[in-house]
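> what follows is a predicted structure for the sequence shown.
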Amino acid sequence: MNDTSEAKADSTLLRELRPKLLHLHQTLLDVERKNFERIHGRVNSGELLQLVISHAQFAWLRMVSALVVQIDELLDAEPITDANVTNLIAAARQLFTEADDLEFRQKYQAALQQEPEVVMTHSALVKLLR
């Protein structure tokens, strides 16, 4: 495969990965919102946005958000290099299989136990990352 076709394949992989990550992020956000509301009562969309931005309970989700931002930045970059894509895919694989961040790992495992949709989305994501 030449460099141009490799770059197209890499770009395609990132374009497939991005919506899966967004879906997973939304599902995890829904799980965390339910957990928060169980203790603190219902929150509206504006309050939820503030919680996601600043509350410690939602901080672990920022790792997924950051990954989506990195994908967006890489897709906007010209040219997309194999090394950048390889590093980003490796970071995604690491985050969802053996995250170094203990809080993320614990909360992600809890979400996998709590919500079947997280399991299904995780499965599709890991399959794509192989």
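Ah, there it is.

> which sections of this protein are below the confidence cut-off?
Judged against pLDDT under 70, the low-scoring parts of the chain cover residues 1-10.

> longest helix anywhere in it?
Counting by DSSP state H, the longest helix found in the chain is helix 3-40.

> next helix or strand past that helix?
Next helix or strand after helix 3-40 toward the C-terminus (DSSP states H and E): helix 45-54.

> can I get that next one in CSV, CA atoms only?
Written as CSV, here are the backbone C-alpha positions of helix 45-54 (Å, rounded to 0.1, in the frame of the first residue of the first chain):
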residue,chain,number,x,y,z
SER,A,45,-29.6,20.4,30.6
GLY,A,46,-27.9,23.7,31.5
GLU,A,47,-27.0,22.4,35.0
LEU,A,48,-25.7,19.2,33.4
LEU,A,49,-23.4,21.1,31.1
GLN,A,50,-22.0,23.0,34.1
LEU,A,51,-21.5,19.7,35.9
VAL,A,52,-19.7,18.1,33.0
ILE,A,53,-17.4,21.1,32.7
SER,A,54,-16.6,21.6,36.4
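
> I'd like the numbering to begin with 290 instead of 1 from here.
New numbering, starting at 290: the last item is helix 334-343.

> list the contacts of that helix.
For helix 334-343, contacts defined as CB atoms under 8 Å, 6 or more residues apart in numbering pick out Leu318, Arg322, Phe325, Val332, Gln346, Phe347, Leu350. For glycine as for every other residue, the C-beta is placed from the backbone atoms N, C-alpha and C.
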